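Asks: here's my sequence, what's the structure:
(one chain, ligands or ions: 1)
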Amino acid sequence: MIETRGLTKDFAGRKETVHAVRGIDLHVERGETVAVLGPNGAGKTTTMRMLTTLTAPTAGTARVAGYDVVRAPAQVRQRLGYVGQGNGAGHGQRALDELAMQGLTFGMSRRTARVRAQELMAGLDLAGKERAKVSELSGGQRRRLDVAMGLMHAPELLVLDEPSTGLDPHNRANLWEHIAALRDEHDITLPLTTHYLDEADTMAKRVVIVDHGRVIADDAPEVLKSRHAGDRLTVTTASAEQTARLAARLESWEATSEVRLAGATLTADIAAGSTRVSELVRTADADGIPITDLQMRRPTLDDVFLNLTGRSLREAAAPTDLTDPTEESAA
Ligand SMILES: Nc1ncnc2c1ncn2[C@@H]1O[C@H](COP(=O)(O)OP(=O)(O)OP(=O)(O)O)[C@@H](O)[C@H]1O
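Replies: Residues are numbered from 1 along each chain as shown. Next comes the predicted model:
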């Protein structure tokens, strides 16, 4: 459904060129939900904007639903919906009219557009809000209306760029629940970006981690976590001396890495940690070391990024004020 080869985007400024995307190869199957993760400025939005034909690539190719984004942008747009950052719907319009108008721009008849708009509003928990002005909707309702806008022309593919940013946890969960239901019902391919790692973890079958415009990892979240980050074990004993002895034992275990000591507490990354807890307790017992506290934390996608790059995903990149001469306004 999505196939990119060496997809590249440079933004040329007066003083310097920003290499926003540096040769991304991406393959997304029909019906797949793929989350693109990366720190601020990694090139996620730029990649999505190239896929949605809003920004022209500097080099490389991208095919979406079988069409080249540069050679056949109209065919691509017909087949995809895009929910960008920020709200897409016009504030003064009534919700249903806004959706119906979107349908008309895609060539639907007035009647079909209204029926489709009503169906989508019901599916996104917006029934009863048809005559409400967009400005009167809550943040969560407005976001769901944006998703409805993206789905009006029944696209095969819905591109979501940070759709849940700014929503509270309840509204985030609610938004994803509706998106997942629509995806499953209509077999929609769902490439998305999010800053919420838990969302990527639960929503996506695959996670693509992007850093400095390049893909540095691409796999199922569980595979990434088990390959690139162990369980985090924290053990406390009665004294620093005893903890140091236990740490020495742990260091000799093949599955253990990054053993760190802080007083009477040690932390260690340990592969398949939950299967090793009883062995650890037995070892401590045999050495006469009483454990006073033991905790095991499952790794997160942030641990994966940290282990791959030495930085946290939350680190921000410096903003630039360069402009893109090929930029078009959103559809
Ligand atoms: N229109 C533009 N003109 C100039 N530079 C740009 C433009 N759009 C993006 N950039 C730069 O390209 C790089 C990648 O930006 P992009 O928005 O794709 O990152 P991102 O991963 O989506 O970040 P965020 O998570 O903050 O949305 C950044 O250095 C950004 O400043």
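
Asks: run through who's touching the helix or strand A35 falls within.
Replies: Element membership of A35, judged by DSSP states H and E, is strand 33-37. Defining contact as CB atoms under 8 Å, 6 or more residues apart in numbering, one finds that strand 33-37 is touched by 28, 44, 47-48, 183, 189-194, 197, 199-200, 203-210, 301, 305, 313. In this view, the C-beta of every residue, glycine as well, is placed from N, C-alpha and C.

Asks: again with stretch 156-175
Replies: Residues from elsewhere that reach stretch 156-175 (CB under 8 Å, 6+ apart): 1-2, 30, 44-45, 48, 51-52, 64-65, 79-85, 125, 138-140, 143-144, 146-147, 150-151, 176, 179, 183, 188-196, 199.

Asks: can you check stretch 121-138 too?
Replies: With contacts defined as CB under 8 Å, 6+ apart, stretch 121-138 is touched by 87, 89-96, 98-99, 117-118, 120, 141-142, 144-145, 147-148, 171, 174, 178, 181-182.

Asks: before we move on, the earlier item: how about the strand holding A35: buried residues?
Replies: Across strand 33-37, burial judged by 16 or more other CB atoms under 10 Å covers T33, V34, A35, V36, L37.

Asks: okay, and the beta partners of the fourth one?
Replies: On DSSP bridges, the residues paired with V36 through beta bridges are T193, V208.

Asks: just the pLDDT at it, thanks.
Replies: Looking at V36, its pLDDT reads 95.

Asks: could I get the full set of strands for the stretch 201-331 of the chain?
Replies: In the stretch 201-331 of the chain, the segments counted as strands under DSSP state E, counting those that start in this stretch are 206-211, 214-219, 231-237, 256-262, 265-270, 291-297.

Asks: let me fix that, I meant to ask about the stretch 51-200 of the chain.
Replies: With DSSP E, counting those that start in this stretch as the criterion, the stretch 51-200 of the chain has strands at 59-64, 67-68, 80-83, 157-161, 190-193.

Asks: now those strands as TSV including distance to V21, mean neighbour count and mean pLDDT?
Replies: Below are these laid out as TSV (distance: least, CB to CB, whole Å; neighbours: other CB atoms under 10 Å; pLDDT from 0 to 100):
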stretch	distance to V21	mean neighbour count	mean pLDDT
strand 59-64	8	19	97
strand 67-68	17	17	97
strand 80-83	17	24	93
strand 157-161	14	24	94
strand 190-193	13	24	94
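
Asks: adding distance to S226, write those strands out as JSON lines.
Replies: Shown next, in JSON lines, are the strands of the stretch 51-200 of the chain (distance: least, CB to CB, whole Å):
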{"stretch": "strand 59-64", "distance to S226": "31"}
{"stretch": "strand 67-68", "distance to S226": "37"}
{"stretch": "strand 80-83", "distance to S226": "32"}
{"stretch": "strand 157-161", "distance to S226": "27"}
{"stretch": "strand 190-193", "distance to S226": "23"}
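
Asks: so which of those strands is nearest the ligand?
Replies: Of all the strands of the stretch 51-200 of the chain, strand 190-193 sits nearest to the ligand, with 6.4 Å by CB to the nearest ligand atom.

Asks: which residues touch the closest one?
Replies: Residues from elsewhere that reach strand 190-193, judged by CB under 8 Å, 6+ apart: 2, 28, 32-37, 44-45, 48, 51, 157-163, 179, 183, 200, 203-204.

Asks: 7 Å - rerun?
Replies: The contact list for strand 190-193, computed with CB atoms under 7 Å, 6 or more residues apart in numbering, reads 2, 28, 33-36, 44-45, 48, 158-163, 183.

Asks: from these, which single one is nearest E254?
Replies: Closest approach to E254 among those (CB to CB): A35, at 31.7 Å.

Asks: tell me how far the closest one lies from P221.
Replies: To P221, A35 is 8 Å away according to CB to CB, to the nearest Å.

Asks: between these two, what contacts are shared?
Replies: In contact with both A35 and P221: A200, A204, V207, using CB under 7 Å, 6+ apart.

Asks: before we move on, the earlier item: now, which of the contacts of strand 190-193 lie close to the ligand?
Replies: Among these, the ones lying near the ligand by CB under 6 Å from any ligand atom are K44, T45.

Asks: thinking again about what came up before, just the angle for the strand holding A35 relative to strand 157-161, thanks.
Replies: Using axes from the mean of the first three to the mean of the last three CA atoms, to 10 degrees, the direction of strand 33-37 lies 20 degrees away from that of strand 157-161.

Asks: how far off centre is strand 33-37?
Replies: Computed by CA atoms, centre = their mean, to the nearest Å, the separation of strand 33-37 from the middle of its chain amounts to 4 Å.

Asks: what of stretch 188-196?
Replies: For stretch 188-196, the distance to the chain centre is 5 Å (CA atoms, centre = their mean).

Asks: before we move on, what about stretch 294-307?
Replies: That offset, for stretch 294-307, works out to 17 Å (CA atoms, centre = their mean).

Asks: any bit of that stretch sitting next to the ligand?
Replies: No. No part of stretch 294-307 sits near the ligand under the criterion CB under 6 Å from any ligand atom; the closest distance found is 12.8 Å.

Asks: start and end of that stretch, how far apart?
Replies: 23 Å (CA to CA, to the nearest Å).
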